[in-house]
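In: Structure, please.
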Amino acid sequence: MGERPLGVTVEDVRAYVRMLPRAYEVLVRGRVKFRVGQIVFVAFSEDETVMGFGFPKEWRQALVENEPEKFMLPRGSDLRFHWACVRLAAIDEEEMRELVLNAWAMVVPKYVSASFAQD
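Out: Residues are numbered from 1 along each chain as shown. Here you go, the predicted model:
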């Protein structure tokens with residue numbers, strides 16, 4: 001069995017987010033974003049090559065330092081948020097699902113994420 005090919009698209013993310021309770025898509029100034037309520041948990045660069053996602057600030061630097069070819073810090077104005085970025089060409093669908101699920105779980109009530117995990 002070979003390795004899974006790297007690279008996911010906005011369509012891959014969209015298909016996965018459709019399954020997440022309370023999540024919905026918005027288009028803001030030409031950029032695709034996914035929200036729960038008014039909180040954005042995933043957003044894409046204008047060219048859709050980079051995905052920003054909710055991620056604990058205290059672990060962000062280690063994430064970027066351990067895999068700089070894959071992850072990067074958000075722009076300076078977003079450093080105050082729990083946010084990190086990943087190059088879509090550098091991840092496979094399984095890793096995308098993990099990043100999106102964890103970002104979503106940060107913004108929904110615990111009982112919602114717990115019941116989704118049990119399904």
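
In: ok, now how distant is the most centrally placed residue in the chain from residue 111?
Out: Centroid-nearest residue in the chain, with CA atoms, centre = their mean: residue 53, separated by 3.5 Å. The spacing between residue 53 and residue 111, counted by CB to CB, to the nearest Å, is 22 Å. Every residue, glycine included, has its C-beta placed from N, CA and C.

In: Pull the CA coordinates from whichever strand or helix holds residue 86 and hand them back as PDB.
Out: Assigned by DSSP states H and E, residue 86 belongs to strand 83-87. Coordinates of each C-alpha in strand 83-87 appear next as PDB, following Å, rounded to 0.1, in the frame of the first residue of the first chain:
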ATOM      1  CA  TRP A  83      -4.800  30.600  15.100                       C
ATOM      2  CA  ALA A  84      -2.200  28.800  12.900                       C
ATOM      3  CA  CYS A  85      -1.900  28.300   9.200                       C
ATOM      4  CA  VAL A  86      -1.100  25.300   7.000                       C
ATOM      5  CA  ARG A  87      -0.200  24.900   3.300                       C
END
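
In: Give the pairing partners of that strand; include direction for each.
Out: Sheet pairing for strand 83-87, assigned by DSSP bridges, gives strand 50-54 (antiparallel), strand 71-72 (antiparallel).

In: Including distance to residue 40 and mean pLDDT, could those strands go into a markdown table?
Out: Below are these laid out as a markdown table (distance: least, CB to CB, whole Å; pLDDT from 0 to 100):
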| stretch | distance to residue 40 | mean pLDDT |
| --- | --- | --- |
| strand 50-54 | 8 | 98 |
| strand 71-72 | 18 | 98 |
